[in-house]
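S.K.: Give the three-dimensional model of this entry:
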Amino acid sequence: MTAFIDVGSVLRGTVCDLYSNLVTRPTGAAVRTAIERQVSELGPPVVTTIDFSQVNLLDFSCADEIVAKLLLRYTSDDGPAGYLTFRGLHDGHLDPIETVLQRHGLALVSWYDGEAELFGEVCDDERRHWDVVRLHGPVAAPDVAARLDSDAGRAAHWLEQLARRRLLMRRGETYAVPGTVTAPTRERT
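M.R.: Below you'll find the model as predicted:
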């Protein structure tokens, strides 16, 4: 199951009907709280995509309140089940988002024109293994190892690390980028 949450609609419903800028920490906290409520009302979707395409401006405090705190919840053991991805991020969003990702040691998967991108804090080995899965997934560790001219144990280690960080989904013996698995969709605004 997948779910889409439109941040612009959440912002307008939470703060002001004509507002499309995410500025100030209290605004970010209100939007994050509304998103968390929607996620809990939806139940446990496999992938929740947070859509920023209707947001014009995103400041550092809102990036921290919304992006970082949601990711921290999703990657904690007691957080919501499933995976969190993003879409609709533009250049004006990336500076504050990348800053808060770096500050918290986080990474995220974002979708743009049907292509997945990885932003944030990842080491070179994580990025190389993630890229193979992005290009060839769903794929098993021995196949990733062969494409990287590495051994299967090393590939399995990095793939599991990415799965623990919820940057990859594990299904049986294969790994895929969250959002690439076709599933029924529910959209919330």
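S.K.: can you dump the C-alpha coordinates of stretch 163-172 into CSV?
M.R.: Provided in CSV are the C-alpha atoms of stretch 163-172 (Å, rounded to 0.1, in the frame of the first residue of the first chain):
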residue,chain,number,x,y,z
ALA,A,163,17.3,-1.3,4.6
ARG,A,164,17.8,-0.4,8.3
ARG,A,165,17.9,3.2,7.4
ARG,A,166,14.8,2.6,5.3
LEU,A,167,16.5,3.8,2.1
LEU,A,168,15.8,0.4,0.6
MET,A,169,13.0,-2.0,1.0
ARG,A,170,13.8,-5.7,1.5
ARG,A,171,11.3,-8.2,0.1
GLY,A,172,12.6,-11.8,0.7
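S.K.: ok, residues contacting it?
M.R.: The contact list for stretch 163-172 (CB atoms under 8 Å, 6 or more residues apart in numbering) reads 46-47, 74-75, 83-84, 107-109, 118, 122, 126, 130, 133, 137-138, 159-160, 162, 175-178, 181. Every C-beta, even on glycine, is put in place using the N, C-alpha and C of the backbone.
S.K.: show me the contacts for the residue most central in space within the chain.
M.R.: For the chain, residue 85 is the residue whose C-alpha lies nearest the centre (CA atoms, centre = their mean; 2.7 Å). Contacts of residue 85 were listed using CB under 8 Å, 6+ apart, and they are 47, 48, 49, 50, 108, 109, 110, 111, 116, 178, 179.
S.K.: What separation do you get for the spatially closest residue to the last one that is not a sequence neighbour and residue 152?
M.R.: Nearest in space to residue 179, with sequence neighbours left out and distances taken as CB to CB, 6 or more residues apart in numbering, is residue 85 at 4.9 Å. Residue 85 is 27 Å from residue 152, where distance means CB to CB, to the nearest Å.
S.K.: What ranges does the chain have for its helices?
M.R.: Taking DSSP state H as the test, the helices found in the chain are 7-14, 25-42, 60-62, 69-75, 91-104, 124-136, 141-148, 152-164.
S.K.: Distance check, residue 98 against residue 104.
M.R.: For residue 98, the distance to residue 104 (CB to CB) stands at 11 Å.
S.K.: nope, residue 97 is what I meant
M.R.: From residue 97 across to residue 104, the span is 11 Å (CB to CB).
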